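Asker: Here is a sequence together with a model predicted from it:
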Amino acid sequence: MNAPVPDPALRKGRLKLLLIAAVFAAPMIAAGLLTLSGWQPEGKAHGQPVVPQRNLLDEQVRVTLDDGTVYPWRDRQPRMTLVAFTGPTCASRCLQQLSAIAKARVMLNRNQPRLRLLLLGPTPPGQTVAGNRLTLGANPDASYLLGRDQAARLAEFVPATPDSVSALLVESNGTALSFYPAGFDAAGLAQDLQKVIR
């Protein structure tokens, strides 16, 4: 008995089905191979990821504000914190960088309330300090809460260079997300903030 000869239309249909399956499977297979090889895509973030990941709330990192209260890493409403660390002294370059950070917050427009600014370290001379707040210029939105890292648990983020500023972006649950070392690009920080605070 002779084997049936496959219908050419049936064979052509099967080939099309296999090609369609290959088109959808190829990107998933490529992604799997890249992941297994250890390659990870580079994001366009300007800050450095904090590795190993740290949760300041879980670690009980205690920051005392100048009015004696303890800074709440987790606020009543979900708000991120940008911690600015000043070096051993804070003069003109430090003031310029602090002003740029405050401007980045103001540029968030209606999302400004979703970001708190916290300053740890020496303050720039000649600026308005009232209670536990440092206000730069006349804009009250460009103000920092002033505090102290009680047990120096955040010392690794403090710049050693005088008249410099570094920054740490902290999620509303206390997880440290990104570190911006001294000399960071404030425009890049502003771009990162626009991406994560929506």
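Answerer: Received it, and whenever you're ready, just let me know what you need.

Asker: What average pLDDT does the helix of greatest length in the chain get?
Answerer: For the chain, the helix with the greatest residue count under DSSP state H is helix 8-36. Model confidence over helix 8-36, given as mean pLDDT, is 77.

Asker: what domains does the record give for the chain?
Answerer: Under automatic domain parsing, the residue ranges defining each domain of the chain are 7-41, 48-196.

Asker: Can you tell me which of those domains is most buried?
Answerer: domain 48-196 (a mean of 17; mean count of other C-beta atoms under 10 Å). Using the backbone N, CA and C atoms, a C-beta is placed for each residue, glycine as well.

Asker: Tell me where the protein is predicted with low confidence.
Answerer: Applying pLDDT under 70 to the chain flags residues 1-6, 30-32, 34-44, 138.

Asker: Tell me which stretches of it form helices.
Answerer: The residue ranges that make up the helices of the chain, judged by DSSP H, are 8-36, 92-106, 186-196.

Asker: Can you tell me what sits against the second one?
Answerer: Under the criterion C-beta atoms under 8 Å, 6 or more residues apart in numbering, residues 82, 84, 86-87, 90, 112, 115, 117, 119, 124, 127, 136-137, 139, 141-144, 163-165, 167, 186, 189-190, 193 lie in contact with helix 92-106.

Asker: cutoff 7 Å now
Answerer: Surrounding helix 92-106, the residues in contact under the criterion C-beta atoms under 7 Å, 6 or more residues apart in numbering are 82, 84, 86-87, 112, 115, 117, 124, 136, 139, 141-142, 163-165, 167, 186, 189-190, 193.

Asker: Next: the last one.
Answerer: Helix 186-196 has contacts (C-beta under 7 Å, 6+ apart) with 45-47, 97, 100-101, 104, 107-108, 115, 167, 178, 180.

Asker: now the helices of the chain as CSV including distance to residue 63?
Answerer: As requested, these are exported to CSV (distance: least, C-beta to C-beta, whole Å):
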stretch, distance to residue 63
helix 8-36, 38
helix 92-106, 17
helix 186-196, 20
